[in-house]
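**Q** Provided below for reference: sequence and predicted model.
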Amino acid sequence: MMNGKKYREGLRVLFAEPNLTHTSPVTTLSHAIKKAGGNTHFVDFTAISTLELIRLYLKVDVLVIQFYGVIDSYARKQIALATLLGVAVIRNWAGTDVLKSLTEKKVRFSTIDVNNLISLNITDNHQGLVEELSSIGIDCILTPKVIDYKGFNMPNRLMTKAESALVYLPASNREFYGSKCIENLIIKFPQLKFIIIADEEHVFGKYPNVESMGWVKDMEAVWNKSGVLIRITKHDGYPRMCLEAFSRGKYVIHNNKFEGVWFAKTDNEIENAVQHFIDKSEPNHDGVKVAKKALNSGREKKLYMLYSEASVGIAQWVSALKEIYQYYVGKETRYESE
């Protein structure tokens, strides 16, 4: 093995993701690595020259990548350079990226192709993602969930249960987040107030029991009014929003089996869960315990050690050499030329 590393202070980690935002999973991972004693940097492959990137690679130990679609030949070349220089490449998986790899042919080909350059695939979401990736030949490790503590409110004592239902329903992807199901619930439970966030088109604002808020900068006031988070998605990792709800003593209705949620998949099950919430008189004390467990100390250190142990194997190095050769002789790949 090349570039084998043992745990040490000051691990240098470079994070790469196109269109990086403060809500990106790699941002949270970066905070965790810093907390454990590492040094982190960010880069956008599309906004840096190859020479500048090589200079960066010579100063780091690990490259962590996050991609949600096809990884084109240029990005693969940039990843291959890291592998060729002995920098271990770790791919982080969040949820949507797994779904696209399963359902979109070009993304699946890209995923399998670039995996030859990857030292380690990881996810901190749930075992289901590990199993889905395994179905297309990707070995992935489930790591402890790491959470950025900013935005979490852990009350010492929960007094009352808030009565509204909170729904995240972005205008750009309403169907993915179960808009039809949510509308049915709005109609079915006129006595329950629904707070809809992220929908700037306010499609459900016509209903008298809906408060449509669009994008919200400060969620604290919203959480104070909400007693349950309803999240019905086509596919999901373990969303931070669920832990934010638990930390505040809120209930969570979800169509995926995560610790602490009320699992409900069919329309009837979801309606029963909503009615169960309405009938409740107490806040979710057990949810606070789930959040505290997820936020306990030591998880950042475990992730740090996993990063430290990642190394470049001979097979990955040879694949990187082939990738560089293919890129510079101009050979197209099957999924980019279709």
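**A** Thanks, I have the structure now.
**Q** mind jotting down where the strands sit in this structure?
**A** Using DSSP state E, the strands of the chain run over 12-16, 39-43, 62-65, 88-92, 120-123, 141-142, 164-168, 194-197, 210-214, 226-231, 251-254, 262-263.
**Q** end-to-end on stretch 295-304?
**A** Start to finish, the residues bounding stretch 295-304 are 16 Å apart (CA to CA, to the nearest Å).
**Q** tell me where the stretch 51-200 of the chain is predicted with low confidence.
**A** For the stretch 51-200 of the chain, the stretches with pLDDT under 70 are 147-160.
**Q** and Glu9, how close does it get to Gly38?
**A** Remark: distance between Glu9 and Gly38 (CB to CB, to the nearest Å) = 8 Å. Placement of C-beta: from N, CA and C, glycine included.
**Q** helices of the stretch 51-200 of the chain, start to end?
**A** Applying DSSP state H, counting those that start in this stretch to the stretch 51-200 of the chain gives helices spanning 73-84, 96-103, 105-114, 127-134, 179-188.
**Q** okay, these, which one's buried deepest?
**A** Greatest average neighbour count among those goes to helix 73-84 (a mean of 21), per mean count of other CB atoms under 10 Å.
**Q** quick one, that one and helix 105-114 angle?
**A** Using axes from the mean of the first three to the mean of the last three CA atoms, to 10 degrees, the inter-axis angle of helix 73-84 relative to helix 105-114 is 20 degrees.
**Q** helix 73-84 packs against which elements?
**A** In this structure, helix 73-84 makes packing contacts with helix 50-57, strand 62-65, strand 88-92, helix 105-114, helix 314-328, judged by 3 or more CB pairs under 8 Å, 6 or more residues apart in numbering; DSSP states H and E.
**Q** nearest to Gln191, out of those?
**A** Closest to Gln191 of the helices and strands packed on helix 73-84 is strand 88-92 (CB to CB; 42.3 Å).
**Q** partners of the closest one, with directions?
**A** Take DSSP bridges as the rule and strand 88-92 pairs in its sheet with strand 62-65 (parallel), strand 120-123 (parallel).
**Q** what sits up against it?
**A** 3, 5, 25-26, 29, 61-67, 79, 82-83, 114-115, 117-123, 307, 310-312, 316 (CB atoms under 8 Å, 6 or more residues apart in numbering).
**Q** and the pLDDT for Asp44?
**A** Asp44 is assigned 85 on the pLDDT scale.
**Q** can you name the residues that contact Leu58?
**A** Applying CB under 8 Å, 6+ apart, we find Leu58 in contact with Leu85.
**Q** repeat that with 10 Å
**A** In this structure, Leu58 makes contact with Leu85, Gly86, Val87, judged by CB atoms under 10 Å, 6 or more residues apart in numbering.
**Q** switch the residues you listed over to CSV; also include distance to Phe258 and neighbour count.
**A** Below are the contacts of Leu58 laid out as CSV (distance: CB to CB, whole Å; neighbours: other CB atoms under 10 Å):
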residue, distance to Phe258, neighbour count
Leu85, 38, 18
Gly86, 38, 16
Val87, 33, 26
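**Q** from these, which is closest to Phe109?
**A** Nearest to Phe109 among these is Val87, at 24.6 Å by CB to CB.
**Q** need the contact list for that closest one.
**A** Val87 sits next to 2-3, 12-14, 56-63, 79, 81, 119, 310-312 when contact means CB under 10 Å, 6+ apart.
**Q** make it 8 Å
**A** Asn3, Leu14, Tyr57, Val60, Asp61, Val62, Leu63, Val312.
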